[in-house]
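A.B. asks: structure for this input, please:
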Amino acid sequence: MKKIINPWTELTEEGYNCFACAPHNPCGLKMEFWEDGDDIVSFWNPDDNFQGWVKTLHGGIQATLLDEVGAWVISRKLQTAAMTTNFNIRYRRPMPTGDNVTIEARAHISEIKRTFAIIKATLSVKGRVCTEAEITYFCFSKEKAVEEFHFRGCKVEGEE
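C.D. replies: Residues are numbered from 1 along each chain as shown. Model (predicted):
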């Protein structure tokens, strides 16, 4: 696996403060990402502040993790920005919280239709899928991604 370099970390003055992936957002999830073949992966530890029910991860946080890992698939694999247009989620089993819990968020491109990318994503704990989603993103042109979303490319460590 190769660690993905967050291309927006230098844009704090422009307003980059993403709840999911900004490393400096004090209330955020601070997600980081790796490329694993066709997949993009993130590992996240859900402390008890993210509960929906006792020792159970809030469903909205689960949706955020899935949407974010899906968006990073677009950034890395298609080298552009995108926006979510459809999100279908299935909560299969409770997702725990706590100091010794690590969630694996994993996503890949399932299909591309013109300017839309369909992403399959899962959340797992100890290899067991707890939540899954199919997410559709509208992919912006590379020009619009640069001009309006400050997209400067998405590289992995060691890539020039």
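A.B. asks: I'd assumed Glu32 was in a helix, is it?
C.D. replies: No - counting by DSSP: H, G, I helix; E, B strand; the rest coil, Glu32 falls outside a helix, being coil.
A.B. asks: please name the nearest non-neighbouring residue to it.
C.D. replies: Excluding its sequence neighbours, the residue lying closest to Glu32 (Cβ to Cβ, 6 or more residues apart in numbering) is Ser42, at 6.3 Å. C-beta here means a position set from N, CA and C on the backbone, and glycine is covered the same way.
A.B. asks: tell me the helices and strands packed up against the helix or strand harbouring that neighbour.
C.D. replies: Under the criterion of DSSP states H and E, Ser42 resides in strand 39-44. Other elements packing on strand 39-44 under the criterion 3 or more Cβ pairs under 8 Å, 6 or more residues apart in numbering; DSSP states H and E are strand 34-36, helix 59-73, strand 103-113.
A.B. asks: how about the longest one: buried residues?
C.D. replies: Yep, that's helix 59-73 we're talking about. By neighbour count on 16 or more other Cβ atoms under 10 Å, the buried set for helix 59-73 is 61-73.
A.B. asks: just put the residues you listed in TSV and tack on distance to Gln51.
C.D. replies: Below are those laid out as TSV (distance: Cβ to Cβ, whole Å):
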residue	distance to Gln51
Ile61	9
Gln62	12
Ala63	15
Thr64	14
Leu65	15
Leu66	18
Asp67	20
Glu68	19
Val69	21
Gly70	24
Ala71	25
Trp72	25
Val73	28
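A.B. asks: from Glu147, how far off is Ala117?
C.D. replies: Remark: distance between Ala117 and Glu147 (Cβ to Cβ, to the nearest Å) = 20 Å.
A.B. asks: neighbour count: the two, which is higher?
C.D. replies: When Ala117 and Glu147 are compared for neighbours, Ala117 comes out ahead with 22 against 11, by other Cβ atoms under 10 Å.
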